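Trainee: Quick check, what structure comes out for this input:
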Amino acid sequence: MIFKDINEIKSHIKTGIPLPCYFVAGTDDYRRRSVVNRLAEIASGKSGFDMHKFSGNISADALADALFEVTFGGGRRCVVAEDIPFNSISDREYKKFEELVEQVCSANDATLILTFGSVDTAPKKEAKKRDRFTPLKKLIDKRGGGVMQCDAPAKAELCSIMEATARKYHCTLDRGLALYLIDRCGADSANLLNEVRKTSEYRGSGEITKADIDLMTSPTPDARIYDLAAKISAGDRSGAFAVLEELRTVGEKPSAVLSALSGAFIDMYRAKTARSCGKTKADIARDWPRAYARRDFVIDKAMASQQRYSAAALHACLDILLSAEQSMKSTGAADDVILDEAVAKIFIAGRENL
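Mentor: Sure thing, here's the model as predicted:
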């Protein structure tokens, strides 16, 4: 059985009836582990006496010993195996895993949960590179097991989860600020929930404010790039290059910084154009729904920053950023140097085109 989305997975868990084998993968570590824990609970009971956990390069024989041992209470056994490196084991060992899946699905008196944080499936053109995961998923599906993918929730669902978490701490979190948290801290659900808990505990009760979030949460590199754009638009040369150095320290690629910086100046150019036509923040959100849906704070920043530039200056800045992107893709110059030069040129363009 292939589960199409998280709702199908939740519905299956609610039945309380375990399947003999599961393949659970996903980039969202918090969601994946939550699903695995719930599956293990319905398979072996809350006591956990009949459950075993393994990680890494475990053999099929070791898993078989745990799956088919005699239990103290006569209940269903459950084995969780995480991140087995199927693409690097021998053909003989992989064949044993296939036989184990066949055996556990036929007996149906135990549950094997294979779980992976990431699955390396090789492109078809790389014929020499193994892909054991795709045939393994097909086998589990064919023999009556379950195949589940637990990737990051959509923004709307993430917001609902964060709002519910805040309520547990007797606080409220506005949807707009929940979206601000995602932009500031990234979309990893485990990290976001930790930030909401931390902020809620600081607030104590009542409505969480933007000031609370700015004080208590740690911004991702993307959020620091927004700070870079703000430093540039404010004419803070030393502050801008300090942010650049900080981004390098945390390993952010110059191309990623340049891309996000370009986005910030595009936002300002849109705001400048809208203002010149007598349009409002609501008009901007309506004209570019994909870019600004429930992200009013981005428009607010753009509206405030665009006032420091003329239309000619913003046009010149966008030309500089485009030229820098082309240089990164086509020249042998160091990307760090290209980025630094682009930022310096933007300062000059802003002053010369007032």
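Trainee: Tell me the first helix or strand C-terminal of the regular element (helix or strand) spanning Leu63.
Mentor: Element membership of Leu63, judged by DSSP states H and E, is helix 60-67. Note on helix 60-67: by DSSP H and E, the next helix or strand toward the C-terminus is strand 77-82.
Trainee: Flag every buried residue along the longest helix along the chain.
Mentor: For the chain, the longest helix by residue count, based on DSSP state H, is helix 254-276. Taking 16 or more other C-beta atoms under 10 Å as the basis for neighbour counts, the residues of helix 254-276 that come out buried are 254, 257-258, 260-272, 274-275. Every C-beta, even on glycine, is put in place using the N, C-alpha and C of the backbone.
Trainee: Same check on stretch 92-112?
Mentor: Burial within stretch 92-112, assessed by neighbour count using 16+ other C-beta under 10 Å, is assigned to 94, 96-98, 100-101, 103-105, 110-112.
Trainee: ok, now stretch 7-26?
Mentor: Using 16+ other C-beta under 10 Å as the burial criterion, the residues of stretch 7-26 that qualify are 9, 12-13, 18-26.
Trainee: how about CSV for the residues you listed, with pLDDT, secondary structure and distance to Asp335 added?
Mentor: As requested, those are exported to CSV (pLDDT from 0 to 100; DSSP: H, G, I helix; E, B strand; the rest coil; distance: C-beta to C-beta, whole Å):
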residue, pLDDT, secondary structure, distance to Asp335
Ile9, 92, helix, 41
His12, 94, helix, 47
Ile13, 93, helix, 46
Pro18, 93, coil, 51
Leu19, 94, coil, 49
Pro20, 94, coil, 51
Cys21, 95, strand, 46
Tyr22, 95, strand, 43
Phe23, 96, strand, 39
Val24, 94, strand, 38
Ala25, 91, strand, 33
Gly26, 85, coil, 32
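Trainee: tell me the two of the residues you listed that are most distant?
Mentor: With distances taken as C-beta to C-beta, the most widely separated pair in the buried residues of stretch 7-26 is Pro20 and Gly26, at 20.8 Å.
Trainee: For Thr27, grab the count of nearby residues.
Mentor: When neighbours are defined as other C-beta atoms under 10 Å, Thr27 has 15 of them.
Trainee: that's a strand at it, yeah?
Mentor: No - under DSSP: H, G, I helix; E, B strand; the rest coil, Thr27 falls outside any strand and is assigned coil.
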